[in-house]
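Undergrad: sequence and predicted structure, then a few things I'm wondering about:
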Amino acid sequence: MQEDISFDNLVAIVARLRKECPWDREQTFDSIKGHTIEEAYEVVEAIDEKNYDELCHELGDLLLHVLFHSRIAEDEGLFNHEDVIASITDKLIRRHPHVFGDTEVDGAVMVKVNWEKLKREEGRTSAVDGVPRNLPALLRATRLQDKASKIEFDWPHRDEVWQKVEEEIRELKSAVKDTEQDRIEEELGDLLFALVNYARFVDVDPEAALRRTNEKFIRRFQYMEKKFVEEGKDIHRASLEDMDVYWEEAKTAARS
């Protein structure tokens with residue numbers, strides 16, 4: 001018997017799970033929201049690794065969460081998956097008048113400008129509304145700065161942004177020297193915010209850049225651990241100088 005892989009069948013499976021599976025039946029928006037975020041990050045990881053078989057799998061997991069949240073809502077009399085589809089369908093058509101209407105645009109930049117303008121017309125009271133508070137801080141800073149730039153609240157040139165970075169470094173050093181903990185935290189936040197802004201001016205995604213550096217650190221650290229094991233040495237008893245030898249070796253190995 002051929003398996004039914006239709007969207008309607010998937011909806012029916014989720015509905016049955018909510019009815020017949022004790023674990024699924026107990027879940028709420030709050031109990032699974034962390035898992036939803038995790039699934040979104042697993043999608044990103046598959047994209048970063050260019051693992052498209054895994055991406056297919058992870059998109060399926062993310063789709064399951066959309067349907068699961070929708071089913072919880074339907075059980076509570078709030079909305080259902082058809083309302084979700086209707087909402088996004090209406091939004092896509094409404095915010096693409098250059099495709100579904102007679103508005104003319106000159107390139108992708110104009111599309112983004114119109115998108116923000118349409119959101120304001122829909123009731124947004126601020127240009128920086130709609131950036132979720134629960135986004136990772138680095139990503140949220142990027143989105144806030146991008147939105148502010150749409151109304152031309154922006155630096156004229158990247159050299160001026162870098163001057164701001166240097167200014168924030170000086171202010172952080174001053175705060176550290178004065179050992180004012182609250183001010184240190186504030187100035188460090190200002191420095192990170194300025195670096196995110198500079199990243200935008202040099203066309204780098206700071207979230208992607210930091211993820212790349214994290215992975216590089218993991219590779220080098222694990223190389224160092226492996227070397228200590230191969231030498232029969234206990235890394236916990238090693239000096240910083242001993243560890244640094246293998247760290248530098250890991251850097252050289254990566255370049256070769």
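TA: Cool, got the structure. Residues are numbered from 1 along each chain as shown.
Undergrad: buried residues in the one helix or strand Leu188 maps to?
TA: Here Leu188 sits within helix 181-201, counting by DSSP states H and E. Residues 184, 187, 190-201 are the ones in helix 181-201 that count as buried (16 or more other CB atoms under 10 Å). Where C-beta positions appear, they are placed from N, C-alpha and C, glycine not excepted.
Undergrad: beyond it, next helix or strand please.
TA: Scanning forward in sequence from helix 181-201 by DSSP H and E, the next helix or strand is helix 206-230.
Undergrad: what mean pLDDT does that next one get?
TA: Taken as a whole, helix 206-230 has a mean pLDDT of 92.
Undergrad: so it versus helix 181-201, what angle?
TA: With axes from the mean of the first three to the mean of the last three CA atoms, to 10 degrees defining the directions, helix 206-230 sits at 110 degrees from helix 181-201.
Undergrad: what does helix 206-230 contact?
TA: 48, 136, 138-139, 141-142, 195-196, 199-200, 234-235, 238, 243, 246-247, 249-251, 253-254 (CB atoms under 8 Å, 6 or more residues apart in numbering).
Undergrad: could you chop the chain up by domain?
TA: 7-86, 133-204, 208-255 (automatic domain parsing).
Undergrad: out of these, the one nearest Ile93 is which?
TA: Closest to Ile93 of the domains of the chain is domain 7-86 (CB to CB; 10.9 Å).
Undergrad: got the CA coordinates for the lowest-mean-pLDDT helix or strand in the chain in CSV?
TA: Sorting the helices and strands of the chain by mean pLDDT, DSSP states H and E puts helix 108-121 at the bottom, at a mean of 74. Taking Å, rounded to 0.1, in the frame of the first residue of the first chain, the C-alpha atoms of helix 108-121 are listed here in CSV:
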residue,chain,number,x,y,z
ALA,A,108,15.5,44.5,-4.7
VAL,A,109,16.4,47.5,-2.6
MET,A,110,13.1,49.2,-3.6
VAL,A,111,11.2,46.0,-2.7
LYS,A,112,12.6,46.1,0.8
VAL,A,113,11.8,49.8,1.2
ASN,A,114,8.2,49.2,0.0
TRP,A,115,7.9,46.2,2.3
GLU,A,116,8.7,48.4,5.4
LYS,A,117,6.4,51.1,4.2
LEU,A,118,3.5,48.6,3.8
LYS,A,119,4.1,47.3,7.3
ARG,A,120,3.8,50.9,8.6
GLU,A,121,0.5,51.3,6.7
